[in-house]
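Have a look at this prediction, sequence included:
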Amino acid sequence: MALFKKKSRLLAFLTLLTIVSFQINAQQFHRIKSDYSIKYKDPQGNQILQMGVVFYDINSKKIVMKNGFPIREILVQKDTTIYQIRNEHLIATSGTYAMAELSVYHLALIGDLNNYGLDKAGYTLDTLKSDKGLILTTWSPPKNAKAYLGRILVSSKDKQLFGIVFLDPSEKIIAKHLFRDYINIDGFEFPTEILVITYEDDKEIFNLTKFSKIVINGTDNEEYYNYKIPSN
Amino acid sequence: MAIDIKADLFSYDEKKVENEFIELSKLETFIKENPQASIEELTNLHPEIDKMTNLSMASLYNNTEIMAPGKISSFWFTFMFSAVGTYSLYGAVAGPISVGVVYFSTHKDRNETKKALWGCLTGTLIGAGIKLVVVKLM
């Protein structure tokens, strides 16, 4: 009986320790600021460069992109809506498919980037294996979405997300996302380059995003972390 | 047929990516080193720059809806006023006025003003055409 009590106390202590350490970890990183540059080609083949500063706070759940070049404007993503703001006026809205909470910023801050949050998006882990130093997993979409969503293949290296391959339902590769040159700031790991390759009519289209001057848990620029979208 | 997952699926041609963005990388470095550079200096370095100076980040996303007054697209906003205005003749100035409204409400956005001008032109032609047919029939 005494041994049982001792074991119970130990178990309770370990459970408490796990909960506390999880909470500390979850609260450890809550916001990120970074300079960014995005290089891509528009549908007309023009080469485009966008540069600015991005802010994200896991509490406000808004991706705020303060673009400086070529156009000074602010783009805010909340849920799946993009708000385009110039001179403190809302001039347009757009739709996007990816939730802000499945963005690289949110996932990195909560320490869930290694499988790109696919488990939370309803995907199911199918297979797991290793090849040439990469841990490879395959993920199936939710049953009710299988008609229009294909499998997703994920690779990680040294516990860091390395790449994602998106397939359509007929198993054709439609896009690859590659995460490179991770930076470690007091235990916070973040890729400083994300290369997106999309395949259209057997052509490769590149989109390269680079991050620099990354600040974690910054206390300045409060107005951007909690950006208030103007109502005009 | 299901694709077999292997490491090679995550490979890519690094050189090809570098070559793709060689000019933009030069431009990026120049802007970082010269944040106050004028548009002329940037154009000298990258002659194609005029094609990107009016491009919003929003172009990366789908379904952009510019908010002309009433949340109507800029083209249809001016088209409506121009067509009705030209048909009634007395309101022929409604088209140019609506272009002005779009110009200021979108904070002088060149793309939207261009759409508004096309809307004005199309609306005017259609309004005038209908008016002509109606007058001839009467």
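Cool, the structure landed. Predicted model, so just to flag it, every value in this text is computed and none were measured.

Please name the nearest non-neighbouring residue to A:Ser103.
A:Ile63 (5.9 Å; C-beta to C-beta, 6 or more residues apart in numbering or on different chains). All C-beta spots, glycine's among them, are computed from the backbone N, C-alpha and C.

so how many other residues sit close to that neighbour?
Residues within reach of A:Ile63, counting by other C-beta atoms under 10 Å in any protein chain shown, total 21.

Contacts for the one helix or strand it maps to, please.
A:Ile63 belongs to strand A:62-69 when assigned by DSSP states H and E. Contacts with strand A:62-69, where a contact means C-beta atoms under 8 Å, 6 or more residues apart in numbering or on different chains, come from A:36, A:49-56, A:73-78, A:100, A:103, A:105, A:224-227, B:31, B:56-57.

buried residues in it?
Neighbour-count burial for strand A:62-69, counted by 16 or more other C-beta atoms under 10 Å in any protein chain shown, picks out A:62-67, A:69.

swap in stretch A:194-208?
Quick answer for stretch A:194-208 (16+ other C-beta under 10 Å): A:194-198, A:206-208.

Report the two of the buried residues of strand A:62-69 separated the most.
Greatest spatial distance in the buried residues of strand A:62-69: A:Lys62 and A:Phe69, 21.8 Å, computed using C-beta to C-beta.

those strands in chain B, which residues are they?
B:62-66 (DSSP state E).

Can you give the domain ranges for it?
B:15-61, B:67-137 (automatic domain parsing).

average pLDDT across the shortest one?
Yep, that's domain B:15-61 we're talking about. Domain B:15-61 carries an average pLDDT of 77.

Repeat that for stretch A:42-54.
Here the average pLDDT along stretch A:42-54 is 84.

which residues sit against that stretch?
A:32-41, A:63-70, A:105, A:211, A:224, B:21, B:23-24, B:27-28, B:31, B:48, B:51-52, B:55, B:57, B:59-60.

Which residues are in contact with A:His177?
So A:His177 contacts A:163-164, A:166, A:194-197 (C-beta under 8 Å, 6+ apart).

Name the member of those with the shortest distance to chain B.
A:Gly163 (3.8 Å; C-beta to the nearest C-beta).

What is the burial count for that closest one?
A:Gly163, neighbours per other C-beta under 10 Å, totals 23.

I'd like to know the beta-bridge partner residues of it.
Here A:Gly163 sits in beta bridges with A:Ser155, A:Leu178, going by DSSP bridges.
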